[in-house]
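Chemist: can't give you the sequence, but here's the structure:
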C-alpha cells in the first residue's frame, strides 16, 4: 500500500534551524518595510523570497517560536506536473490532465482558472525548490490518480521549510518570531501595515506598502470551525497550535469575502496519539475490516484517506473500530490495548460488548466479510481483497479510530494576483493572501491528493510576493 501521508515527531535538533534570532523587545515603535508577510509556512516563506528577489525590503512576522506552519508538520510531499524530476522519470502527463484531475475531485466546484494557474507553474515550482536545496526522492502516485505526480523529502516538511528559511535569510528578509499580528492598519480602505505584539507584550506598528497574509487555516478556532466547517468538525486535529484563523478575523472589518464549501483536509486517527505517524496511529493504514458503532461496514477500507474520512465523518460520534485477530496481530496493537485505545476479547460477542458495538450486527458483518474474502469479491464496497485474511483466530481486537483534520478548505477570496477581494470582487488595496488562508475556491469538500496544499501554497506564495513587491516598489 502506498502511504501518502507522512508526519514525524521530529527531534528538537531537526527543528533548531527553523528558529530565527531577530526579535522586537523594549518600547513600542514603528518599523518600516516595503512588504510585510504574516505567517512563516510554505506560502509565507515563498512570498518573502519572491518579494525580496524583486528588490523589496521584507519583514516576516510569525507568532510561533519557529517558522514552518502546517508544512513543517507534514510529510513534505509536493504534487506537480512537468518538473525535471517527473520528466527524468519518463512520466507522461500534462497540465490539462492535472487540471482535469483536480477539477474532478472538486466535482467541478473549484475555480478552474486557479487550478490551471497552479498546474502551469507546478513543475517549475518543484524545480525552484530543488534549486533552493530541497531534496526530493522519486515520484509516486497519491490521491485516486495512478499518475506518479508526487515527490517527497526524506525528512518531511522540515526538508522543505529549512531551505526556504535559509534562502529568505540569505536574501535579507527580517524575521520576527513570537510576534503575533493583532490587527491590520488601514487608511481609507487601503491596508498600510499591521500592528503586532513583541516578546515583551509591547505593541509595534509595521508600516508597509503591502501586506501578505499567510497565516494558515483555523482548525484550532472552534468558533470558526463551527461557522465554516460545522459538519466536518472533529475532536482530533494535528495542525499547529497557531492555526486559529487570524487572517479571517483581521480582515472582517475590511469586508473581505470568505469562500469555500465547508471542507477540511480530513484524516483518521487513534484518539490520544500526539501525531498521526506514531507507531500506534500508523496501524490505521492497514486495510483491515472497519465497522461503526452499529457493527456495520461503511466504506471501502482501502479508499484514499479523504474519501475514507468523508464516510467516517457521517458515522455515529465520527468513530469506527478497526478489527484484528491473532493472525493479523501487530505488536503496536498490543501497545494500544495497554493504553486503552483498543479492546481485546476471546469472542466476537465479547469484543462487541467491550467496545460498545452492536453485537448481532457485528457478528453478521464479520461473517459476510469472511465470505467475501473466501470468494475473492467484495460485492458491498468493491474492496481489493487480495492478501486479506479472514477475521477468525481468537483473540480478537478492536482499535478505536476517529475522524481527524489536518487542515481547512475555506478562506479569503483572492484573484490570480493574490489580492484579497471584498464584495463585488473589488481588491482591497495593499492586501494579499496565499496558502491555506486563501484556498477556499481551490477545493470542494474532499482533499484531492497529498502534496496539493504545499504546491498551492508555494505557487500562490510566490505570486503574492511578486505582486506585492511590484505594487510596493511602483512609486519608488
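Modeler: Right, received. Where do you want to start? Quantities reported herein were computed from a predicted structural model and do not represent experimental measurements.

Chemist: Tell me where the model's unsure across the protein.
Modeler: Across the chain, the ranges flagged by pLDDT under 70 are 1-28, 476.

Chemist: and residue 453, helix, strand or coil?
Modeler: Following DSSP: H, G, I helix; E, B strand; the rest coil, residue 453 is assigned to helix.

Chemist: That one and residue 360, how far apart?
Modeler: 43 Å (Cβ to Cβ, to the nearest Å). Where C-beta positions appear, they are placed from N, C-alpha and C, glycine not excepted.

Chemist: For the chain, which segments count as helices?
Modeler: Ranges of helices in the chain, per DSSP state H, are 12-15, 42-53, 84-88, 95-105, 112-131, 158-170, 222-228, 246-251, 305-312, 331-338, 348-355, 359-375, 452-473.

Chemist: can you tell which of the ones you listed is closest to residue 271?
Modeler: Residue 271 lies closest, by Cβ to Cβ, to one member of the helices of the chain: helix 331-338, at 10.3 Å.

Chemist: which secondary structure elements does that closest one contact?
Modeler: strand 342-345, strand 396-412 (3 or more Cβ pairs under 8 Å, 6 or more residues apart in numbering; DSSP states H and E).

Chemist: okay, those strands, which one's buried deepest?
Modeler: strand 396-412 (a mean of 26; mean count of other Cβ atoms under 10 Å).

Chemist: about what we covered before: any chance of the helices of the chain in a markdown table with mean neighbour count and distance to residue 212 as columns?
Modeler: Formatted as a markdown table, the helices of the chain follow (neighbours: other Cβ atoms under 10 Å; distance: least, Cβ to Cβ, whole Å):
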| stretch | mean neighbour count | distance to residue 212 |
| --- | --- | --- |
| helix 12-15 | 12 | 24 |
| helix 42-53 | 31 | 5 |
| helix 84-88 | 16 | 28 |
| helix 95-105 | 19 | 24 |
| helix 112-131 | 20 | 17 |
| helix 158-170 | 22 | 13 |
| helix 222-228 | 16 | 21 |
| helix 246-251 | 22 | 10 |
| helix 305-312 | 23 | 28 |
| helix 331-338 | 16 | 43 |
| helix 348-355 | 20 | 48 |
| helix 359-375 | 17 | 51 |
| helix 452-473 | 26 | 5 |
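
Chemist: rewinding a little: I'd like the helices and strands packed on helix 331-338 laid out as a markdown table, including distance to residue 236.
Modeler: Below are those laid out as a markdown table (distance: least, Cβ to Cβ, whole Å):
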| stretch | distance to residue 236 |
| --- | --- |
| strand 342-345 | 16 |
| strand 396-412 | 4 |
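
Chemist: wait, which of those is closest to residue 304?
Modeler: strand 396-412 (14.1 Å).

Chemist: Switch the helices of the chain over to a markdown table; also include distance to residue 299.
Modeler: Below are these laid out as a markdown table (distance: least, Cβ to Cβ, whole Å):
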| stretch | distance to residue 299 |
| --- | --- |
| helix 12-15 | 35 |
| helix 42-53 | 31 |
| helix 84-88 | 31 |
| helix 95-105 | 17 |
| helix 112-131 | 27 |
| helix 158-170 | 31 |
| helix 222-228 | 23 |
| helix 246-251 | 32 |
| helix 305-312 | 4 |
| helix 331-338 | 21 |
| helix 348-355 | 18 |
| helix 359-375 | 13 |
| helix 452-473 | 22 |
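
Chemist: closest one to residue 208 among these?
Modeler: Here helix 452-473 is closest among the helices of the chain (Cβ to Cβ), at 7.1 Å.

Chemist: Report the angle between the closest one and strand 396-412.
Modeler: With axes from the mean of the first three to the mean of the last three Cα atoms, to 10 degrees defining the directions, helix 452-473 sits at 20 degrees from strand 396-412.

Chemist: coming back round to it: indicate which one of the helices of the chain is closest to residue 209.
Modeler: Here helix 452-473 is closest among those (Cβ to Cβ), at 3.4 Å.

Chemist: helices or strands up against that closest one?
Modeler: Using 3+ Cβ pairs under 8 Å, 6+ apart, helix 452-473 is in contact with strand 35-38, helix 42-53, strand 77-79, helix 112-131, strand 210-213, strand 426-433.

Chemist: In the last one, which residues are buried?
Modeler: Using 16 or more other Cβ atoms under 10 Å as the test for burial, strand 426-433 gives 427, 428, 429, 430, 431, 432, 433.

Chemist: List the strands paired with that strand, with their directions.
Modeler: strand 210-213 (parallel), strand 419-422 (antiparallel) (DSSP bridges).

Chemist: And for the shortest one?
Modeler: Its sheet considered, strand 77-79 pairs with strand 150-152 (antiparallel) by DSSP bridges.

Chemist: mind listing what's buried in the strand it pairs with?
Modeler: Those would be 150, 151, 152, for strand 150-152 by 16+ other Cβ under 10 Å.

Chemist: ok, back up a step: can you check which of the helices and strands packed on helix 331-338 gets nearest to residue 364?
Modeler: strand 396-412 (15.1 Å).

Chemist: Hey, what's the angle from that closest one to helix 348-355? Just curious.
Modeler: Using the same axes, to 10 degrees: strand 396-412 against helix 348-355 is 40 degrees.

Chemist: Centre of the chain to strand 396-412, how far?
Modeler: 12 Å (Cα atoms, centre = their mean, to the nearest Å).

Chemist: next one: stretch 106-113
Modeler: Per Cα atoms, centre = their mean, the centroid offset for stretch 106-113 relative to its chain is 19 Å.

Chemist: Contacts for it, please.
Modeler: 99, 102, 103, 115, 261, 416, 441, 442, 443, 444, 446, 448 (Cβ atoms under 8 Å, 6 or more residues apart in numbering).

Chemist: ok, of these, which one's closest to residue 314?
Modeler: Using Cβ to Cβ, the contacts of stretch 106-113 come closest to residue 314 at residue 446, 12.9 Å.

Chemist: who's in contact with that closest one?
Modeler: 105, 106, 263, 266, 306, 307, 309, 310.

Chemist: any idea how far residue 453 is from the second one?
Modeler: The span separating residue 106 from residue 453 equals 13 Å under the rule Cβ to Cβ.

Chemist: Out of the helices and strands packed on helix 452-473, which is closest to residue 274?
Modeler: Across the helices and strands packed on helix 452-473, closest to residue 274 is strand 77-79 (Cβ to Cβ), at 20.7 Å.

Chemist: returning to that earlier point: how about the helices and strands packed on helix 452-473 in a markdown table, adding distance to residue 68?
Modeler: A markdown table is the format used below for the helices and strands packed on helix 452-473 (distance: least, Cβ to Cβ, whole Å):
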| stretch | distance to residue 68 |
| --- | --- |
| strand 35-38 | 14 |
| helix 42-53 | 9 |
| strand 77-79 | 15 |
| helix 112-131 | 15 |
| strand 210-213 | 17 |
| strand 426-433 | 19 |
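
Chemist: Out of the ones you listed, which is closest to residue 146?
Modeler: strand 77-79 (13.7 Å).

Chemist: Contacts made by that closest one with the rest, please.
Modeler: 4, 6, 122, 125-126, 129, 136, 142-143, 149-152, 160, 449-452, 454-455, 458.
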